[in-house]
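Q: the following comprises the amino acid sequence and a computationally predicted model.
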2 protein chains.
Amino acid sequence: MNYTNLSKEAALAEHAKLTKEYSELKAKGLKLDMSRGKPGKDQLDITMGMLGVISDDTDCRSSAGIDCRNYGLLDGIPEAKKLFADLLGLKESRVIVAGNSSLNLMYDSVARAMLYGVVGSEKPWSKLDKVKFLCPAPGYDRHFAICESLGIEMINVPMTENGPDMDVVEKLVAENASIKGIWCVPKFSNPGGIVYSDETVKRFAALKPAAKDFRIFWDNAYAVHDFDIDNPVKLLDIFAEAEKYGNVDKIFYFASTSKISFPGSGVAIMAASEDNLAQIKKVMTVQTIGFDKINMMRHVKYFKDADGILEHMRAHAKIIKPKFDIVIETLERELGNTGIAEWNSPKGGYFISLDVYKGCAKRVYSLVSELGVTLTAAGATFPYGKDPDDRNIRIAPTFPPNDELKLASEILCLCVKLAAIEKMYL
Amino acid sequence: MNYTNLSKEAALAEHAKLTKEYSELKAKGLKLDMSRGKPGKDQLDITMGMLGVISDDTDCRSSAGIDCRNYGLLDGIPEAKKLFADLLGLKESRVIVAGNSSLNLMYDSVARAMLYGVVGSEKPWSKLDKVKFLCPAPGYDRHFAICESLGIEMINVPMTENGPDMDVVEKLVAENASIKGIWCVPKFSNPGGIVYSDETVKRFAALKPAAKDFRIFWDNAYAVHDFDIDNPVKLLDIFAEAEKYGNVDKIFYFASTSKISFPGSGVAIMAASEDNLAQIKKVMTVQTIGFDKINMMRHVKYFKDADGILEHMRAHAKIIKPKFDIVIETLERELGNTGIAEWNSPKGGYFISLDVYKGCAKRVYSLVSELGVTLTAAGATFPYGKDPDDRNIRIAPTFPPNDELKLASEILCLCVKLAAIEKMYL
């Protein structure tokens, strides 16, 4: 049924039917969570072997003879650097293997820029009148929270199916020297699931910002999180491209094993040019003596090499893909011909981005909440929590068990319909 | 032989004898390290059981049913909070259990104050013309490095055998509103090994700083690191005392298991008033989703309770105490009647503070370096690396094996003598 051209009578009848279903569901007192990109229990179980992989002190010796149980080695053990450099196609000399959270590395990178500036800064960003960041949106709420917390003004940039609208990006950064950065999730973007096209990556690499100390925050959180590990979606190497334009200093690259090993107990990776790393490490060595090297060694011993991680990702995909299928099938079945919703069908990552009828996202969020289904708050995928069209909803299918996910998806569709009819006809 | 009142002839004879010994040692091409407070290999070995203590998913469930393998719980698992609250005599509601480094918590606390201020601040400290910290010295070089890195001016405060000279502290903080903090290692201070007296703690608790947003950085790094676990040196409860004066908001308390479990792979603890924690967590939740909860659980399962940690500390003490004895015995034998050196005999902690003949510390450092012995750089125990008397040398006895430690101590004494004779007679 196409909801956009119903007669008033038909709309009312449909509304009555949906309301009845809604009431019946409400009586069930459900409690379902599709709010955050958390791995499910079955995903966590497949990595348990890692926790026992270190048993004696020889397991803790790095190739250079360093005892990983003791202080030292600010930027990570050589084996871990090699593992992640191989996996992500990075130069080892550009890699830091750090603590348990790439978000922490990102926050610290922005905070460090505020307190000290970055390579090329005339002064710390906190000493400037204005600091602005470009925020391709919908995007990752925690990126936006960093800016908001530190008083950095956010400017929305529309997303296209090839990544951020580069015409807009190029124009804004060229015109405005107070624009110091941009947030990117280049592969399986959060929440759109978009992979930046080769042209998009090239245009990022060739960017000519007015600010000499502009930084691209390249959060490659889902670098190896393809559903089809044997036919991965290719993302162009931003460093290799940037080298062609003398732009390597503009890139701050991040990744983590939060969705490879354990969220919160994995390791985080930062990559940047040698000059950037020198400046970063000068501050980092004041901040900490070093990160958890035993945990790095745990990852190295368990995965062995990049292929070992890819093999492990195959097991994750086997669990995750059916969850995405459940949501997509439900969306297609329930909303496919309604004309009131659009969504993507990603080839990896952790999210599905659902655009509901304009002006209805908050209402949908509130309707599903009342039925006990938790979604990411409507608006959260935009800077300041303000979705200009009030349309976007982020679906995180990985955490709930499949039966709960199915039910939650059906509830979501019901509420999308209800909200649209209310909006259009009541 | 008392070196302070030699005849010129006797001095030259002694110098010739010492120089000969020095040359013989130089020919050996030694490589000994007494530079940092690193546990020795035998200490690391006693905690290996911790690494295998978690083997299945039930081990990862917290009492509240939380799966420690997944995202969530910003401020630490309840079991870990209880464990360290019990151990350190803190209220659970005031405890955060965080990542692998208390230094990181300290740096972040100062950086956060710079970027946001603390409870009671009129504005972020980075927006002020001047921010100053009191630095009891000799003290911990990494505390001073945080101030220097963030452009905070450091003011030396003399240390007494009861802690910082409180007359000086009280006067300075009352007079100068730009003094925002003070660094304290209240038990087994680094490097002096001093435990703050009850009166010192009480005077800290009752402090009346001109700055409304003054903070005492109470780095209780060696809280349970007594050599005699059954007769521990008591440190007064700073929070309990501060409550009497409405001063709990002034305390930022830090501790870690770096020298209990593994340096770099332990857990770090911060304690602060409920109001402070609310402000801190508001920023922390932007910085990270959470810390390594599996590692927290590893500590909880392995130690079980506070008594379990104390029992473990007994094993550490059994290894460490003989190392301190080696150094102290050598100092007494070689320098006891020379009149050119003073040192402490701590009852716990990780350091011995050696004061050599005035104006000789740098020379001693350089002399031992040439023999292949690494010490903490002379001056490092003072702000800006400037020891006003050029006297203090920090000895870290824990890392070298006992035979190396004995040799390194003898070499150190030889060089202390050589430098003093040079200074006085040549």
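A: Received, thanks.
Q: pLDDT-wise, which helix or strand of chain A ranks last?
A: Lowest by mean pLDDT, DSSP states H and E among the helices and strands of chain A is strand A:32-34, with a mean of 90.
Q: list the strands paired with that one, with their directions.
A: If you go by DSSP bridges, strand A:32-34 pairs up with strand A:373-375 (parallel).
Q: mean confidence score for the strand it pairs with?
A: Mean pLDDT, strand A:373-375: 95.
Q: so what touches it?
A: For strand A:373-375, contacts defined as Cβ atoms under 8 Å, 6 or more residues apart in numbering or on different chains pick out A:30, A:32-35, A:364-365, A:368-369, A:393-395, A:408, A:411-412. The C-beta positions use only the backbone N, C-alpha and C, and glycine is treated the same way.
Q: got the buried residues for stretch A:207-219?
A: Neighbour-count burial for stretch A:207-219 flags A:207, A:209, A:211, A:213-219 (criterion: 16 or more other Cβ atoms under 10 Å in any protein chain shown).
Q: before we move on, the earlier item: what is the next helix-or-strand element following the least confident helix or strand of chain A packed up against?
A: Note on strand A:32-34: by DSSP states H and E, the next helix or strand toward the C-terminus is helix A:41-45. Helices and strands touching helix A:41-45, as assessed by 3 or more Cβ pairs under 8 Å, 6 or more residues apart in numbering or on different chains; DSSP states H and E, comprise helix A:306-335.
Q: the helix it packs on and chain B, any residue contact?
A: No - contact of helix A:306-335 with chain B (Cβ under 8 Å from any Cβ of the partner chain) is absent, the minimum separation being 13.8 Å.
Q: going by neighbour count, list what's buried in that helix.
A: A:306, A:309-310, A:312-313, A:316-317, A:319-321, A:323-324, A:326-328, A:330-331, A:334-335.
Q: on that earlier part again, show me the contacts of strand A:373-375 that map onto strands.
A: Using DSSP state E, the subset of the contacts of strand A:373-375 located in strands is A:32-34, A:393-395.
Q: just the closest of the residues you listed to A:Ser102, please.
A: A:Arg394 (18.9 Å; Cβ to Cβ).
Q: residue boundaries of the helices in the stretch 101-250 of chain A?
A: Here the stretch 101-250 of chain A has its helices, by DSSP state H, counting those that start in this stretch, at A:102-116, A:141-149, A:166-175, A:198-205, A:238-244.
Q: point out the most buried one among the ones you listed.
A: The densest packing among the helices of the stretch 101-250 of chain A, expressed as mean neighbour count by mean count of other Cβ atoms under 10 Å in any protein chain shown, is seen in helix A:102-116 with a mean of 23.
Q: give me the neighbour count for the residue in the stretch 301-426 of chain A that chain B sits nearest to.
A: In the stretch 301-426 of chain A, the residue that lies nearest chain B is A:Phe399 (8.3 Å; Cβ to the nearest Cβ). Neighbour count for A:Phe399, taken as other Cβ atoms under 10 Å in any protein chain shown: 23.
Q: quick check: it touching A:Asp42?
A: No - using Cβ atoms under 8 Å, A:Phe399 is not in contact with A:Asp42, being 10.6 Å away.
Q: neighbours of the closest residue to A:Asp129 other than its chain neighbours, how many?
A: Using Cβ to Cβ, 6 or more residues apart in numbering or on different chains and skipping the chain neighbours, the partner closest in space to A:Asp129 is A:Ser178 (7.5 Å). For A:Ser178, the neighbour count with other Cβ under 10 Å is 15.
Q: same thing with A:Thr19?
A: By the criterion of other Cβ under 10 Å, A:Thr19 has 14 neighbours.
Q: quick check: which ranges of chain A have low pLDDT?
A: For chain A, not a single residue meets the criterion pLDDT under 70.
Q: domain parsing for it?
A: As assigned by automatic domain parsing, chain A contains the domains A:3-44+A:310-425, A:60-305.
Q: quick check: closest non-adjacent residue to A:Leu83.
A: Nearest non-adjacent residue to A:Leu83, counting by Cβ to Cβ, 6+ apart: A:Val300, 5.7 Å away.
Q: what helix or strand is the one you found located in?
A: For A:Val300, the host element (DSSP H and E) is helix A:293-303.
Q: I'd like to check the angle between that helix and helix B:293-303, please.
A: On the basis of axes from the mean of the first three to the mean of the last three Cα atoms, to 10 degrees, helix A:293-303 is oriented at 110 degrees to helix B:293-303.
Q: buried sites along stretch A:336-349?
A: A:338, A:340-341, A:343-344, A:346-349.
Q: pretty sure A:Phe188 is touching A:Ser345, no?
A: No - judged on Cβ under 8 Å, A:Phe188 makes no contact with A:Ser345 at a distance of 11.8 Å.
Q: off-centre distance for the helix holding A:Val300?
A: 24 Å (Cα atoms, centre = their mean, to the nearest Å).
Q: tell me how far the residue sitting nearest the centre point of chain A lies from A:Val169.
A: Nearest to the geometric centre of chain A sits A:Asn190, at 4.3 Å (Cα atoms, centre = their mean). Using Cβ to Cβ, to the nearest Å, A:Asn190 is found at 18 Å from A:Val169.
Q: likewise A:Asp219?
A: Applying Cβ to Cβ, the value for A:Asp219 to A:Val169 is 16 Å.
Q: kindly report the same for A:Lys187.
A: Distance of A:Lys187 to A:Val169, given as Cβ to Cβ: 18 Å.
Q: kindly list the longest strand within chain A.
A: As assigned by DSSP E, the longest strand anywhere in chain A is strand A:153-160.
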